[in-house]
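Chemist: Generate coordinates for the sequence data below:
(2 chains)
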Number of protein chains: 2
Amino acid sequence: MSNETYFIKKTFELAKKGEGYTSPNPLVGAIIVKGNKIVGWGYHKKAGAPHAEVVAINRAGKKAYNSTLYVNLEPCCHWGRTPPCVDRIINAGIRKVVISTYDPNPVVKGKSVKKLRKAGIEVKVGILAEQAKKLNEVFFKNVKKNLPFVTVKVAQSLDGKITTRSRDSRWITSLKARMLAKSLRDKYDGICVGINTVISDNPTLEGLRKIPFKIILDPDLDIPLESKIVKKKRFIIFTTPASKKKKKKIGYLTRAGQIYFLNTKNGIFDLRKVLEVIYERGICSLFVEGGSFTIGSFFDQRLVDKIYFFLAPKIIGGKEALPSVGGYGAKTLKNTFDIQEIKLERIGRDFLFTGYIP
Amino acid sequence: MSNETYFIKKTFELAKKGEGYTSPNPLVGAIIVKGNKIVGWGYHKKAGAPHAEVVAINRAGKKAYNSTLYVNLEPCCHWGRTPPCVDRIINAGIRKVVISTYDPNPVVKGKSVKKLRKAGIEVKVGILAEQAKKLNEVFFKNVKKNLPFVTVKVAQSLDGKITTRSRDSRWITSLKARMLAKSLRDKYDGICVGINTVISDNPTLEGLRKIPFKIILDPDLDIPLESKIVKKKRFIIFTTPASKKKKKKIGYLTRAGQIYFLNTKNGIFDLRKVLEVIYERGICSLFVEGGSFTIGSFFDQRLVDKIYFFLAPKIIGGKEALPSVGGYGAKTLKNTFDIQEIKLERIGRDFLFTGYIP
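Modeler: Numbers count the residues shown, from 1 in each chain, chains lettered A, B, ... in the order given. Predicted coordinates for the structure are as follows:
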């Protein structure tokens, strides 16, 4: 492994520390190296906090002079909530900047690199670029599509069921798999479920360390006021305008969270519209957990970016048992969703498939 | 690895060469070793052919005297289609016999070992016994339950579907996985499908090297006379007595294969009875390939011993798409089938789960 690869990997590790907290900003880690010694390092902790490069430069102090800066994403050159990093890099007298990948925003892309070079700084771009894009898959999706990054999580039997025919669903996977699934919530801004899941499971949908936003798809506003999600607040309920007649319920709910009125078609929301609405509210990544109908609808509307499929080594069987992916489904095998970059790992006695939907 | 383990493993390799052809006999391989050199070897090729021990002794000739015989299963001591192996072992002057596992038949178990010891031969039993039982899983099931060994094979999407909602099913898995599935048929005496699979797919159900018996579950005798299965003969159709009125069809079919009349209950056959009937006809192992309803019924009636689940890395989705395991299914999660000894391998771009149902 070259030095450059080594230090860029270190920036990835640093960047990941901010995971789940930086929206709408990307994950960024920075390292300052002088004479093969790390003299400064930093990462972006959360939106509004200093950028990784600035943290690293501050930590390096005078040692930043004539050093090399490693960073996983092209530094910013514009005024946001904080001043542009490029100016700080130039002013600190840094000699060389090694960047993993350009900023995906076409308006920004390459501008900072240009500015740094103009200031006489040597700039190298492209070390582990694909990994860097993966690390910031949420940010790249956000910038390119102006939509949240959507991940679907399923916990099913080997034969693809998420409940028995009598709707027994607790639990299919082992505690270890469920804890991992819970920790995945920490990486997302919002968790989405359909109303049936709220009614049948009454879940909290909390992460291990974090309280994400809960996005509930509830056309008839059936959500029980005593449900854990309502009690814990931080929710956005999507319901149809027809629910406006439930005045008292709406009054109560709007004191605890938000309600958004949206028409359905054949009982199904336009989920792209749902994504647009929550993206405007700062939810840059969505973790869709169920149930069968909701997950099926996200696939039917071709809005899924990534999947986590937990498989328990058991057969549930039954024509009437709920499948993990309901909805309409693909009409022919030409219309199925091929999973790319599929990865498989064992989680205790269960299996976890991870992959991307192109 | 000790010498004994090494040579017993060799007997497994030899035994496997008979796979698919020895019913109702077990798979047996034998090796004769003298002065650490293999002087004789053999395996049981097919029912009626000489037993592995005899083949090995014949090959060793005079060198069998004062040698060690390795064999994966306790030799026989009774007259079947061939004379008892134990007598040949004693007469050949073999000094020591190393056996992996006892004969499972309680009437035979240990008797040959006793007889050999009585003749002054040193006998050791139990080297890799579990592997030896697995090798002869069909034979052990046959002897213990007087029923065929039942394996279910499924080729599904990650989300457990075997067709799309429009019943498109060709192909879900890749050619490589399908060829492997085809080669698995070579190991079984019979292949079972429901009538819907015959009508929708018109499969041949042949192996790569072998033409197994086809067992068709067809309550209303809907099988098309022009279907490949009828043309290739070697089939047993299970149908209800009500089908007897289709006289002409029955006449035609009984010239090509066999028909067995059996009542249904709610449209479902008593599959234990089906297994009993085919076992009487010499079918010691059954490979159940579909469809959703047939596989579901085998699970519902708790008759599955082993599973092969091929998973393609794709999502089909849809409430109306056929699940791999239909039927009634488990009522609660306490009633699901836990898969034991689960193994996973990649077959090209697909995944294959293998396991046992206790």
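Chemist: So which elements touch the helix or strand encompassing residue A:58?
Modeler: According to DSSP states H and E, residue A:58 maps onto helix A:52-60. Packed against helix A:52-60, as judged by 3 or more CB pairs under 8 Å, 6 or more residues apart in numbering or on different chains; DSSP states H and E, are the following elements: helix A:3-16, strand A:29-34, strand A:37-43, strand A:68-73, helix A:85-91. Placement of C-beta: from N, CA and C, glycine included.
Chemist: Pick the most deeply packed of those.
Modeler: Highest mean neighbour count among the helices and strands packed on helix A:52-60 (mean count of other CB atoms under 10 Å in any protein chain shown): strand A:68-73, with a mean of 29.
Chemist: Present the helices and strands packed on helix A:52-60 as CSV; the columns should include mean pLDDT and distance to chain B.
Modeler: Compiled in CSV, the helices and strands packed on helix A:52-60 are given as follows (pLDDT from 0 to 100; distance: least, CB to the nearest CB, whole Å):
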stretch, mean pLDDT, distance to chain B
helix A:3-16, 96, 26
strand A:29-34, 97, 32
strand A:37-43, 97, 34
strand A:68-73, 98, 29
helix A:85-91, 94, 40
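Chemist: of all these, which lies closest to residue B:91?
Modeler: For residue B:91, the closest of the helices and strands packed on helix A:52-60 is helix A:3-16, at 70.9 Å, according to CB to CB.
Chemist: quick one: contacts of that closest one?
Modeler: Outside helix A:3-16, the residues that touch it by CB atoms under 8 Å, 6 or more residues apart in numbering or on different chains are A:1, A:27-31, A:33, A:36, A:38, A:41-44, A:52, A:68, A:70-72, A:98, A:100, A:124, A:127-128, A:131-132, A:135-136.
Chemist: returning to that earlier point: looking at the helices and strands packed on helix A:52-60, which is closest to residue A:246?
Modeler: Here helix A:3-16 is closest among the helices and strands packed on helix A:52-60 (CB to CB), at 43.2 Å.
Chemist: and the angle for that closest one with strand A:37-43?
Modeler: 30 degrees (axes from the mean of the first three to the mean of the last three CA atoms, to 10 degrees).
Chemist: taking the mean pLDDT, what do you get for the helix holding residue A:58?
Modeler: Averaged across helix A:52-60, the pLDDT comes to 96.
Chemist: Can you list the buried residues in that helix?
Modeler: A:52-57, A:59-60 (16 or more other CB atoms under 10 Å in any protein chain shown).
Chemist: quick one: which of those residues is nearest chain B?
Modeler: residue A:52 (35.4 Å; CB to the nearest CB).
Chemist: you'd agree that closest one is up against residue A:28?
Modeler: Yes - the pair residue A:52 / residue A:28 is scored as a contact, 4.0 Å apart, by CB atoms under 8 Å.
Chemist: Tell me, please, where in chain A the pLDDT is lower than the cut-off.
Modeler: A:1 (pLDDT under 70).
Chemist: which stretches of it form helices?
Modeler: Along chain A, counting by DSSP state H, helices occupy A:3-16, A:52-60, A:85-91, A:111-118, A:129-135, A:137-145, A:175-185, A:195-201, A:228-231, A:247-256, A:271-280, A:292-300.
Chemist: With distance to residue A:354 added, can I get the ones you listed in JSON lines?
Modeler: Below are the helices of chain A laid out as JSON lines (distance: least, CB to CB, whole Å):
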{"stretch": "helix A:3-16", "distance to residue A:354": "16"}
{"stretch": "helix A:52-60", "distance to residue A:354": "26"}
{"stretch": "helix A:85-91", "distance to residue A:354": "32"}
{"stretch": "helix A:111-118", "distance to residue A:354": "32"}
{"stretch": "helix A:129-135", "distance to residue A:354": "11"}
{"stretch": "helix A:137-145", "distance to residue A:354": "12"}
{"stretch": "helix A:175-185", "distance to residue A:354": "10"}
{"stretch": "helix A:195-201", "distance to residue A:354": "22"}
{"stretch": "helix A:228-231", "distance to residue A:354": "26"}
{"stretch": "helix A:247-256", "distance to residue A:354": "34"}
{"stretch": "helix A:271-280", "distance to residue A:354": "21"}
{"stretch": "helix A:292-300", "distance to residue A:354": "16"}
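Chemist: For stretch A:84-101, list the C-alpha coordinates in CSV.
Modeler: Extracted as CSV, the C-alpha positions of stretch A:84-101 are listed here (Å, rounded to 0.1, in the frame of the first residue of the first chain):
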residue,chain,number,x,y,z
PRO,A,84,-14.3,28.3,2.5
CYS,A,85,-11.7,25.6,3.4
VAL,A,86,-9.6,26.4,0.3
ASP,A,87,-8.6,29.8,1.8
ARG,A,88,-7.6,28.2,5.1
ILE,A,89,-5.5,25.6,3.2
ILE,A,90,-3.7,28.3,1.2
ASN,A,91,-3.2,30.5,4.2
ALA,A,92,-1.8,27.7,6.3
GLY,A,93,1.1,27.2,3.7
ILE,A,94,0.2,23.6,2.9
ARG,A,95,2.4,22.4,0.0
LYS,A,96,0.4,19.5,-1.4
VAL,A,97,-3.2,18.3,-1.3
VAL,A,98,-4.3,14.7,-2.0
ILE,A,99,-8.0,14.4,-2.7
SER,A,100,-9.9,11.1,-3.1
THR,A,101,-12.8,12.4,-5.2
